Structure formats: C-alpha cells, structure tokens
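# Fold the following and give me the result.
(one chain, ligands or ions: 1)
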Amino acid sequence: MSKLLIIAAACLQASDAYTNVMGTELESCSGPGMARTGFMRDGHCTETNDDRGSHHICIDLSSTSGGNFCSVTGQPDWCSSEMGCHENYSAQCPVENWCVCQWAFASYLHNAGGCDKIQDVVCESTNMVALEAYEAQAASSPHIADALACLMSRCSISADARAAEVHANANAEAPAGEAGTSASVPLLLGGMVLCIGVGLTAGLAVGGRLARKKDRSMKAELKAGEGGQLS
Ligand SMILES: *[C@@H]1O[C@H](CO)[C@@H](O)[C@H](O)[C@H]1NC(C)=O
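Residues are numbered from 1 along each chain as shown. Model prediction:
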C-alpha cells in the first residue's frame, strides 16, 4: 500500500516538473508583448496526452537568421500574424517565440537546407521530450538524426554529457523505464502523422495512402484550439 503511494507521488512529481533540453526547469516560450503559445496556450511547450502533434520546440519566429518557418514549411503565413497576448489573451500581440511540432521542426530543418539556415531555437523553453523522441528515432530516420544533431548543436549539448544523463536516467528508472519506452513509440508515430497533416507534406515523404489520414488529422488539429495549432 505505502509502496503504491510512493509510486503515485513519484508520477505526480514527474508530470509536474517539466525540463528543457539542457535538463533544467522548462521556461515559458512566449513572454510579455508576444502572442501566447503552447498547445495548452499557457506559454509552455509542454507535453499533454492530447498533444499528439508534439509541440515541444520553441523557436523565435521573429528572428531573421534563417528561413522563415511558415514559408519553408509551406504553411499560410500565421508566423507574422497577431494572436492573443501572453499576458492578456483578449489583446492582440505579434507571434514571436512559438512552440512548434518536433516533427515539423525536422522537416523545416531539412527544407531550409541545414542547421545554420533556420530561425533561432529558444533552448531554455524547448522541452526535453523532443530530444528524447529524436534519440529514440534517430537510428531509423536520417531526418530525425539531423534534427537531433541540430538541436544538440544549437543548445550546446555535448554528446558525452547526454550519454551520461541517459545512462543515469536508465539506472534510476530501471523497472518502469522499459514499459514506458515501448508504449510511447506508437504515440510518437501517430504524432508524426498528425503533424504532417498540417500542411507539412514537404520534406518527409508522404504516400497517397496517408491522404485520408491527413484529412482526419487536420480536423483533429483544428479542433485543438482557437484557430487550430498550425505549427
Ligand atoms: C486586456 O485587453 C483588452 C483588449 O485590449 C482590454 O480591454 C483589457 O483592459 C485588458 N485587460 C487588462 C487586465 O489589461
């Protein structure tokens, strides 16, 4: 009985404490004067059970260092639009720091022509789960491997430090870890389809077989929040 309570407490704690790709506390992606972002529209690029689009990567859509996210991914130009402000959702603010889908990010990177051709990544607000998802799929997808390398380079994460962290986590979570990993793989694949559904056919090969799924996914995405989550 007490063991169950401890496990329940550990689960609560784990879902409370979001970390960024550097392993420190996840900071808000949008801030005052910017449109409020996040799948839950709380400013954070957080994981939720419903966020199958995996909007975990915070990028600065106002930066001019690389190809514009909207044009590179072939979406309508919501990147330079205004939406509810971070501090007052009734007022309008320009879209600036924004949580984009980790699969869209991989596609964006590929189409932009490399890691030095993209807009700024806001590392302290980019969710660790994106890095973990990339790590899980890097071996089976060159585009995901590129996205992993890019995220690590942009956020100055050394491969050695990361390997040590993964090793420490595996030891700490030995009993539950295995079940968790196998359960999350189908979810991630589902997320990739959802994300591609939002106008992101470029870059990742999508067969005609996916066309019907794409249509359903888009409806699901558009239901997800005000004006949909076109990212
Ligand atoms: C929020 O914005 C609306 C629309 O601009 C304004 O009427 C309202 O006073 C603002 N609320 C606060 C608390 O600033």
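# When you work out contacts or count neighbours from here on, use the C-alpha atoms and nothing else.
Will do.
# Tell me which residues touch residue 148, please.
By Cα atoms under 8 Å, 6 or more residues apart in numbering, the residues touching residue 148 are 131, 134, 135, 138.
# A helix includes it, no?
Yes. Per DSSP: H, G, I helix; E, B strand; the rest coil, residue 148 lies within a helix segment.
# Helix or strand for the spatially closest residue to residue 231 that is not a sequence neighbour, just tell me which one.
Of all residues not flanking residue 231 in the chain, residue 100 sits nearest, at 4.9 Å (Cα to Cα, 6 or more residues apart in numbering). Per DSSP states H and E: residue 100 is located in strand 97-101.
# Measure how buried the closest residue to the ligand within the chain is and give me the count.
Going by Cα to the nearest ligand atom, the ligand is nearest to residue 91 of the chain, at 4.1 Å. Using other Cα atoms under 10 Å, residue 91 has 13 neighbouring residues.
# ok, now which ones touch it?
Counted by Cα under 8 Å, 6+ apart, residue 91 has contacts 83, 84, 85.
# Which ones among the residues you listed lie within strands?
83, 84 (DSSP state E).
# May I see the contacts of residue 91 arranged in CSV, with neighbour count, distance to the ligand and pLDDT as well?
CSV is the format used below for the contacts of residue 91 (neighbours: other Cα atoms under 10 Å; distance: Cα to the nearest ligand atom, whole Å; pLDDT from 0 to 100):
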residue, neighbour count, distance to the ligand, pLDDT
83, 20, 12, 97
84, 20, 9, 97
85, 22, 8, 98
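# Now flag whichever of the contacts of residue 91 is closest to residue 26.
For the contacts of residue 91, the residue nearest residue 26 by Cα to Cα is residue 85; the value is 20.1 Å.
# Excluding sequence neighbours, find me the nearest residue to the closest one.
residue 35 (4.3 Å).
# how about residue 129, what does it touch?
Residues near residue 129 by Cα under 8 Å, 6+ apart: 21, 47, 56.
# Double-check the residue nearest to residue 231 against residue 59; I have them as touching.
Yes. With contact defined as Cα atoms under 8 Å, residue 100 reaches residue 59; the gap is 7.2 Å.
# for this protein, where's the lowest mean pLDDT among helices and strands?
Within the chain, no helix or strand scores below helix 211-223, which has a mean of 38 by mean pLDDT, DSSP states H and E.
# so residue 58 bridges to which residues?
The partner list for residue 58 in beta bridges (DSSP bridges) reads residue 99.
# Okay, and which of the contacts of residue 129 map to strands?
Counting by DSSP E, the contacts of residue 129 contribute residue 56 to strands.
# which stretches of this structure have low pLDDT?
Filtered on pLDDT under 70, the chain yields the residue ranges 1-16, 49-53, 173-230.
# all helices in it, in order from the N-terminus.
In the chain, the segments counted as helices under DSSP state H are 2-16, 69-72, 102-112, 128-137, 142-154, 159-172, 174-197, 211-223.
# mind listing what's buried in the fourth one?
Residues 128, 129, 130, 131, 133, 134, 136, 137 are the ones in helix 128-137 that count as buried (16 or more other Cα atoms under 10 Å).
# Report the inter-axis angle for that helix versus helix 142-154.
Going by axes from the mean of the first three to the mean of the last three Cα atoms, to 10 degrees, helix 128-137 is angled at 140 degrees with respect to helix 142-154.
# residues in contact with the residue nearest to residue 85?
Going by Cα under 8 Å, 6+ apart, residue 35 touches 82, 83, 84, 85, 86, 92, 93, 94, 95, 96.
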